[in-house]
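> give me the fold of what follows.
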Amino acid sequence: MKISILTHPLGANYGGILQAYALCSYLQKQGHEVVVLNRSPDMPLFMRIIKCIMIEVHHPRYNDSRYRHLVSFVKQHIPYTRPLYTSTQMTNFVQKNNVQVSIVGSDQVWRASFAMNYGFDYFLDFVPAGVKQLSYAASFGLGNWEYTEEQTHKIQQLVKKFDAISVREDEGITLCQKYLGVKVEQVLDPTLLLCAKDYASVTSPRIVPEDYVFVYWLGTVEEKQRVITEVQIEGKKLIDISLRGHEPLVSIEDWLSYIKYADHVVTDSFHGCVFSILFRKQFTICSNDSGGNGRLRSLFTILGIDFAARNINYEAVDESLVAQRRKSYSFLKQALQ
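Next up, the predicted model:
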């Protein structure tokens with residue numbers, strides 16, 4: 001079956017890239033042909049031509065060396081289209097390539113401040129009749145409804161065309177029922193569809209020989225320093241990666257390795273937590289308000305993790321994870337029939 005996926009642009013975000021990689025990988029293992037739609041911001045034709053030229057000549061605006069390792073991973077491991085700048089181009093691609101199913105998700109694809117930059121594409125408005133439509137682990141980002149009355153009415157009409165709808169957080173279930181009047185299921189983030197061993201081929205060998213604490217931080221430097229001082233480093237080496245920094249970002253492969261072999265992880269990232277769980281690491285989490293706290297609370301609830309616990313019982317977590325995987329696999333299997 002030919003499947004297209006519409007998710008966040010695959011940019012400077014380890015979790016965003018890996019959730020797309022994971023969903024593609026899982027679907028490919030089930031025998032499907034998958035492609036990620038490279039939805040780019042609308043721009044006039046002459047601007048697109050100029051952009052292409054600037055990319056070809058390696059203009060600094062489109063040649064940020066800070067992200068080169070992440071870009072390389074996407075090109076090597078994720079099948080994606082050329083840039084598609086309009087809804088019409090999206091429709092044409094789906095039609096010309098005989099796409100049979102269009103999936104929107106995962107991550108915060110339904111967060112209003114993001115989604116409305118692309119019209120209603122993230123509610124699959126571009127998908128032609130006859131193509132199956134579904135969401136997988138879509139997230140609204142926050143627990144409150146941010147769409148206008150007019151936008152809400154339009155979205156209500158669009159989701160009625162979906163063959164199946166799933167969200168990542170329990171807050172998403174509440175929002176869909178209250179504002180859209182549709183029944184939805186809660187499923188795992190795509191990264192959790194795979195097991196730790198499934199990431200072996202894209203994880204670097206151990207990089208740091210000595211014991212170390214790995215810090216992966218999205219928020220402010222001040223908050224990070226406050227949290228680090230509260231964690232008992234005990235003389236261990238500190239490996240620190242911050243998206244707010246200026247140094248080149250390490251590769252996806254190295255990022256996974258840093259988590260896999262760490263003695264402890266400190267993070268304010270949802271996917272930093274996810275991969276700490278996958279690699280059975282003890283970790284310190286600090287809520288990141290800009291990303292929404294509901295996603296962490298929801299994940300911890302379904303996996304039976306206590307926010308306040310200093311040591312996670314991974315035998316119990318693994319049992320919960322196996323059960324949630326079965327539920328998520330079942331959703332996709334039934335939705336794709």
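
> need the distance between the two termini of stretch 164-180.
Length of stretch 164-180, first residue to last, CA to CA, to the nearest Å: 14 Å.

> next, count neighbours for the residue nearest to residue 152 when sequence neighbours are not counted.
Using CB to CB, 6 or more residues apart in numbering and skipping the chain neighbours, the partner closest in space to residue 152 is residue 179 (5.8 Å). From N, CA and C alone the C-beta is placed, and that goes for glycine too. For residue 179, the neighbour count with other CB atoms under 10 Å is 14.

> repeat for the one 5 residues further on
By the criterion of other CB under 10 Å, residue 184 has 20 neighbours.

> can you check residue 230 too?
Considering only other CB under 10 Å, residue 230 is surrounded by 10 other residues.

> checking the closest residue to it other than its chain neighbours next. Helix, strand or coil?
Nearest in space to residue 230, with sequence neighbours left out and distances taken as CB to CB, 6+ apart, is residue 284 at 7.9 Å. Assigned with DSSP: H, G, I helix; E, B strand; the rest coil, residue 284 falls in the strand class.

> ok, back up a step: would you agree the residue nearest to residue 152 is in contact with residue 153?
No - using CB atoms under 8 Å, residue 179 makes no contact with residue 153, being 10.2 Å away.

> next one: stretch 220-228 to chain centre, how far?
The chain centre lies 24 Å from the centre of stretch 220-228; the measure is CA atoms, centre = their mean, to the nearest Å.

> and it, what's buried?
Within stretch 220-228, the residues scored as buried using 16 or more other CB atoms under 10 Å are 224, 227-228.

> could I get these as CSV with secondary structure, distance to residue 240 and pLDDT?
Shown next, in CSV, are the buried residues of stretch 220-228 (DSSP: H, G, I helix; E, B strand; the rest coil; distance: CB to CB, whole Å; pLDDT from 0 to 100):
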residue, secondary structure, distance to residue 240, pLDDT
224, helix, 8, 78
227, helix, 12, 78
228, helix, 8, 78
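
> burial check on residue 218, number of neighbours?
21.

> and it, how far is that from residue 252?
Residue 218 sits 16 Å away from residue 252, going by CB to CB, to the nearest Å.

> was I right about residue 161 contacting residue 133?
Yes - look at residue 161 against residue 133 with CB under 8 Å: they come within range, at 5.9 Å.

> anything in contact with each of these two?
residue 124 (CB atoms under 8 Å, 6 or more residues apart in numbering).

> what does the nearest residue to residue 335 once chain neighbours are set aside show for phi and psi?
Of all residues not flanking residue 335 in the chain, residue 164 sits nearest, at 3.8 Å (CB to CB, 6+ apart). When read as degrees, to the nearest 10, the backbone of residue 164 gives phi -160, psi 140.

> how many other residues sit next to residue 164?
Here the number of neighbours of residue 164 (other CB under 10 Å) works out to 19.

> mind listing what it touches?
Residue 164 neighbours (CB under 8 Å, 6+ apart): 134-135, 185, 331, 334-335.

> which SS class is the spatially closest residue to residue 304 that is not a sequence neighbour?
With CB to CB, 6+ apart as the criterion, residue 304 has its nearest non-adjacent residue at 4.9 Å, and that residue is residue 320. Look at residue 320: counting by three-state DSSP, its state is helix.

> low-confidence ranges, the stretch 51-200 of the chain, go.
51-65 (pLDDT under 70).

> rewinding a little: which among the contacts of residue 164 count as buried?
Buried among these by 16+ other CB under 10 Å: 134-135, 185, 331, 335.

> element containing residue 25?
Take DSSP states H and E as the rule and residue 25 turns out to sit in helix 14-29.
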